[in-house]
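In: what follows is a predicted protein model with its sequence.
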Amino acid sequence: MPQHDAEFKSDVLAIAAHRDDVEQTCGGTLLRMAARGLRTAILDLTQGEAGTRGSADDRAKEAEEAAGILGVGWRSALNFPDGAIENTLANRMEIVRVLRQLRPRVVILPYWQARHPDHAIVATLGYDACFLSGLSKVETGTAPHRPFKIVYASLYADVRPSFIVDITPFIEQRDLALMAYKSQYANQPTGSSLFVPEEEIRERTLAEARHYGLLAGVKYGEPFVQKEVGLVDDLTLVPVQSI
Ligand SMILES: [Zn+2]
């Protein structure tokens, strides 16, 4: 799989702070989009050197394996400091270079309020980069590109989602992608007081997916927030579940 192909173009790009964030919050959605024939990609912003468990090298290999399971066509990681990501011009420009290479129509970012400071900052850093990327006077040697839409993966936020993506057919595949991170989720002595036991992770992630699925009348779902108000052309085609 050409995960590092310099010529790759994406329809949907998920940007996240840490390797395994995407698997947890929108992995089922990426699987669904790939099944619809869309070209999907993941940009992780850190290498994971601050994690309690496993090394950055372990996580790189696991991320590669997970990308294969999720069917993404491209995945790469920048080298922002794990646990101390900042919204600086230099960091925005690194993301702009990726946006202009991949030219995604939709970008998925983490929701802007989060327990982990990296997650919250990536919401604004990613938004600002998407804006800068569209400015022709911002020079990178590549053509400007502004994504058509940004949506926020809100699984861990206490917020009512704008919409749910039905991931029911992909729930087992998503679980496999998450479990590819053996350094994080396999039972082991290091961090055992901090980490949920392996057998409970599946139960928790399925319960969350079930909760969001129920909100939309399907079995398993992933929640998203969009900032913009929707624009409707035909009331009979508005995508809501029946009352
Ligand atoms: Zn994270």
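Out: The structure has been received and is ready for your questions.

In: CA atoms for contacts and neighbours, from now on please.
Out: Will do.

In: which bits of this protein sit near the ion?
Out: His18, Asp21 (CA under 5 Å from the ion).

In: same for the longest helix anywhere in the chain, what does it pack against?
Out: In the chain, taking DSSP state H as the definition, the longest helix is helix 198-216. For helix 198-216, the packing partners by 3 or more CA pairs under 8 Å, 6 or more residues apart in numbering; DSSP states H and E come out as strand 163-166, strand 221-225.

In: Asn91 is nearest to which of those strands?
Out: strand 221-225 (24.2 Å; CA to CA).

In: and the closest one, C-alpha only, in CSV?
Out: C-alpha atoms of strand 221-225 as CSV (Å, rounded to 0.1, in the frame of the first residue of the first chain):
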residue,chain,number,x,y,z
GLY,A,221,-22.0,5.1,15.2
GLU,A,222,-19.3,7.7,15.4
PRO,A,223,-20.2,11.3,16.3
PHE,A,224,-19.2,14.6,14.6
VAL,A,225,-19.8,18.2,15.1
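
In: what about that strand, distance to the chain center?
Out: The chain centroid and the centroid of strand 221-225 are separated by 11 Å, computed with CA atoms, centre = their mean, to the nearest Å.

In: check which helices and strands it is in contact with.
Out: helix 21-35, strand 149-153, strand 163-166, helix 198-216.

In: list the buried ones in the second one?
Out: With burial defined by 16 or more other CA atoms under 10 Å, the residues of strand 149-153 counted as buried are Ile150, Val151, Tyr152, Ala153.

In: can you lay out these as TSV showing distance to His119 and pLDDT?
Out: Output for the buried residues of strand 149-153, formatted as TSV (distance: CA to CA, whole Å; pLDDT from 0 to 100):
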residue	distance to His119	pLDDT
Ile150	15	98
Val151	14	98
Tyr152	11	98
Ala153	11	98
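
In: just flag the most distant two among these.
Out: Ile150 and Ala153 (9.9 Å).

In: can you work out which residues contact both of these two?
Out: Common contact partners of Ile150 and Ala153 (CA atoms under 8 Å, 6 or more residues apart in numbering): Ile108, Leu109.

In: returning to what we had before: burial-wise, tell me which of the helices and strands packed on helix 198-216 comes out on top.
Out: strand 221-225 (a mean of 26; mean count of other CA atoms under 10 Å).

In: who does that strand pair up with?
Out: Strand pairing for strand 221-225, determined by DSSP bridges: strand 149-153 (antiparallel), strand 163-166 (antiparallel).

In: these: which one's closest to Leu78?
Out: strand 149-153 (20.1 Å).

In: alpha carbons of the closest one, as CSV, please.
Out: Extracted in CSV, the C-alpha atoms of strand 149-153 (Å, rounded to 0.1, in the frame of the first residue of the first chain):
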residue,chain,number,x,y,z
LYS,A,149,-15.3,21.2,4.8
ILE,A,150,-13.9,20.6,8.3
VAL,A,151,-15.8,18.3,10.7
TYR,A,152,-14.8,17.6,14.3
ALA,A,153,-14.7,14.1,15.7
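
In: quick one: it to helix 21-35, angle?
Out: 130 degrees (axes from the mean of the first three to the mean of the last three CA atoms, to 10 degrees).

In: give me the contact list for strand 149-153.
Out: With contacts defined as CA under 8 Å, 6+ apart, strand 149-153 is touched by 25-26, 105-112, 123, 127, 222-227.

In: ok, now with 6 Å
Out: Val106, Val107, Ile108, Leu109, Pro110, Tyr111, Phe224, Val225, Gln226 (CA atoms under 6 Å, 6 or more residues apart in numbering).

In: alright, that wraps it up for me.
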